Each structure stands twice: as structure tokens, then as C-alpha cells.
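>>> Here is my input, please return the structure:
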Amino acid sequence: MKPKITLKKIAKEFEVSISTVSKALKGSHEISVELKEKIQAFAKLYHYKPNSIAVRLQNQQTKVIGVVVPDIVHHFFSTVIRGIEEETNKRGYSVMICLSNESYEKEMMNIEMFTNGSVDGLIVSISKETQAKNDYSHFNDLLEDGFPLVMFDRVNDNFKCDKVIIDDVGGAFNATNHLLDIGCKNIALITTPRHVTVGSLRREGYEKAHLKRGMSINENSIIEINETEDLGEQISKLFISNPPDGIFAVNELYAVTAMNRAREKGFRIPDDISVIGFTDGPISQLSLPPLTTVVQHGFTMGKQVAELLLNRIESKEELEPQKIVISTNLKIRKSTKSI
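Purely as a prediction, here's the structure:
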């Protein structure tokens, strides 16, 4: 059985652009007779059939881009979307937004709907369920056909596409290092399961800060949150025996829940336990006390993501994929002791 053939594979075979292949298959007079016949014969030999994405590439642009995010309520994703909209509107494009709700099936449905010809390119943050299943076939199909795609925040490094990520390792390192600087000796980590890339990277930064000072990692002080179980009950386990004097949580919800549970157990924040979260949203600003947190700069990320995608859509040449890392900074508030 012959392998599936795509426009991208034909273009690679003849060392030409995808648009040249499209024109040759349509019999365009712009392509030499010799090259046109060779491409058409090759396509016929491998039973090439144009799919909806390939047809879209032959048509005019819609001036619309699609965005698939796991959650729109989360402050970080809402700020990224604002950045995307500002950049795309400035350049004459509109935005369509769909939610995966962390579902693999819904993510696939959204992408299939968008790539039926309704958008010129896609911006995606991968759902937790897709990462857990480790099944990215719906993205492979896009890239095989040269569909413009940019991933952000939760990405897969195996894909040859543009990516924009936060410096999760550096942000977590700085947060943990700050707790060590103010005298914390037993720092707990509240994180996601390892298959969630951002949680895994933030765990790496937490461990790196300890190892740089020659300190061992206490695995009993690390809580991996199972989102199908009660969040507060899982975090409460930290305070049963050998309670921490510092807590780094990979998001602001985990951090504020930890502060609330610590107070219920009779601990004072920050006198007994200093707490740092990740993402400077309303929860961090309105918590009691206000939460020290790693600022992610989602708006900047959104503008950068949109710029990469639009440059790729509008370029007449094939561009090399880029990976851009957005720096973080630590916002010091009253949930941590002073140095």
C-alpha cells in the first residue's frame, strides 16, 4: 500500500513550493510543461486527492484566524486573547475563538471545523487531555499540509511549527529562590501531573533552585493535583506532619487554596508559611493577604503569537519555524516574609 501523499510531500520531492505544486495540479500556464507533467504523474501514481485544507490553500484568504484555548475564564488565557485580538485587528484580520474545555475530542472537533476553509491559520494551546493521551494526530495532519499553525503556552516540541512559551523554568526558579532567600528551609511544591507541560517545567525550576544550593528534594513535600478529586483536601495533606515554611504553587488557584487551608490549620501567612503562586490575575491581587506571584505577561504573548501567525500567512516564502520565550518577573506582595 502506497503511503498517504500530501501537497507538502510532493513539493519536497520536486524541491518546489507548495503553491507551485497546487498550480501544476491545476494545469496553470505559469508552470513549465515538463515540471507540470512530472508533478501530475507523481500525484496520480500515489493517488493524491486534495483535502479541504489543500483546497483552502488554493483559494483567497478569509482574513480570519482561529484560536483554540483550553479555558477562557482563566485570567492568563483571557489576557493572551486580548493580545491576539489587538495585533490581528491592527493588521485587518478578525478572530474566531473556540474552547476545548481541556477535552481531546472537543479540541479535534474545533480544529476540524476551523480547517474546513473558514480561517487562514490557527493559534492553539493544547488541552490537558491531549497531553495525557499523547495523541497529536490532528496536529500532524495540519502540518503535513502546510497549514499555518502557532502553538502557545502548552506546546509540543516535536512539531515543526512556530511556538511561543513563557519561561516557566526561569519563573519557577526565581520564585523558589526567593523563598530560599527569605529563609525558608522546607518548601512545598503544589503542581499538576507531569504530562501537563507547564507544570512539569515549573517543577523543573523548583528543583533547579534547590540543586543550585546543594539542597535535596523532599518528594513528600510535592503534591501533584488530581483535578478529579477535591483540591482543598489534597493540599491539606501538606499540613499533617512536618508542615512547610514555604509553598510554591504552579498557579494562583492552588496558591490561594493553600493559604486558606493553612489558616484553617492555625498557620499564619506569611509569619509561619510564605506562599508564592504563578499568574498575576484577580485571584492573586484580591486574596488575603495579596499573593506574591510570577507575572506571565499574557498580553505580550498574545501579540507575539498573532504576529508570528500573520507573518507566516502573508509570506510568499517558506519561513523557518521560530520558538520565542517570554520572560517573567516576580511581583512581591504580602504573602511572603520580607528579606
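>>> Please give me every residue in contact with the closest residue to residue 204 other than its chain neighbours.
When the adjacent residues along the chain are set aside, residue 204 lies closest to residue 169, with 5.1 Å between them (Cβ to Cβ, 6 or more residues apart in numbering). (Each C-beta comes from the backbone N, C-alpha and C, glycine too.) Residues near residue 169 by Cβ atoms under 8 Å, 6 or more residues apart in numbering: 201-202, 204-205, 208.
>>> partners of the residue nearest to residue 179 when sequence neighbours are not counted in the sheet?
Of all residues not flanking residue 179 in the chain, residue 246 sits nearest, at 3.9 Å (Cβ to Cβ, 6+ apart). Following DSSP bridges, residue 246 is listed with bridge partners residue 187, residue 274.
>>> Go ahead and confirm residue 246 touches residue 190.
No - Residue 246 is not in contact with residue 190 according to Cβ atoms under 8 Å; the separation is 11.6 Å.
>>> Next, the contact list for the residue lying closest to residue 61 once chain neighbours are set aside, please.
Closest residue in space to residue 61, ignoring its immediate chain neighbours: residue 120 at 4.8 Å, by Cβ to Cβ, 6+ apart. For residue 120, the contact set (Cβ under 8 Å, 6+ apart) comprises 61-65, 93, 148, 313.
>>> What pLDDT is listed against residue 120?
On the pLDDT scale, residue 120 is placed at 92.
>>> For residue 160, see how far away it is.
Per Cβ to Cβ, to the nearest Å, residue 120 is found 19 Å from residue 160.
>>> again, but for residue 272
Taking Cβ to Cβ, one finds residue 272 at 49 Å from residue 160.
>>> Repeat that for residue 141.
14 Å.
>>> Neighbour count: those two, which is higher?
It is residue 141, of residue 141 and residue 160, that has more neighbours when counted by other Cβ atoms under 10 Å, with 17 against 10.
>>> Quick check, pLDDT for the more buried one.
For residue 141, pLDDT reads 82.
>>> Could you check how far it is from residue 338?
54 Å.
>>> Residue 202 now?
Residue 202 is 24 Å from residue 338, by Cβ to Cβ.
>>> Break this protein into its domains for me.
Using automatic domain parsing, the domain ranges for the chain come out as 7-50, 62-165+298-326, 168-296.
>>> Now the terminal residues of the last one, how far apart.
Domain 168-296 has an end-to-end distance of 9 Å (Cα to Cα, to the nearest Å).
>>> Please, which helix or strand holds residue 10?
If you go by DSSP states H and E, residue 10 is part of helix 7-14.
>>> swap that for residue 190, sorry
strand 187-191.
>>> Need the phi and psi values for the residue lying closest to residue 142 once chain neighbours are set aside.
Nearest non-adjacent residue to residue 142, counting by Cβ to Cβ, 6+ apart: residue 149, 5.4 Å away. Dihedral angles of residue 149 (phi, psi; degrees, to the nearest 10) stand at phi -140, psi 130.
>>> Residue 149 contacts residue 163, doesn't it?
No - using Cβ under 8 Å, residue 149 is not in contact with residue 163; the gap is 9.6 Å.
>>> Which neighbours do those two have in common?
Listed contacts common to residue 149 and residue 163 are nil; contacts here mean Cβ under 8 Å, 6+ apart.
>>> residue ranges for the helices of the stretch 1-150 of the chain, please.
7-14, 18-25, 33-45, 52-58, 75-90, 104-114, 128-133, 137-144 (DSSP state H, counting those that start in this stretch).
>>> Out of those helices, which is the most enclosed?
Mean neighbour count (mean count of other Cβ atoms under 10 Å) peaks for helix 18-25 among these, with a mean of 21.
>>> Would you mind checking the average pLDDT for that helix?
Per-residue pLDDT over helix 18-25 has a mean of 86.
>>> for stretch 82-97, same thing?
In this model, stretch 82-97 carries a mean pLDDT of 96.
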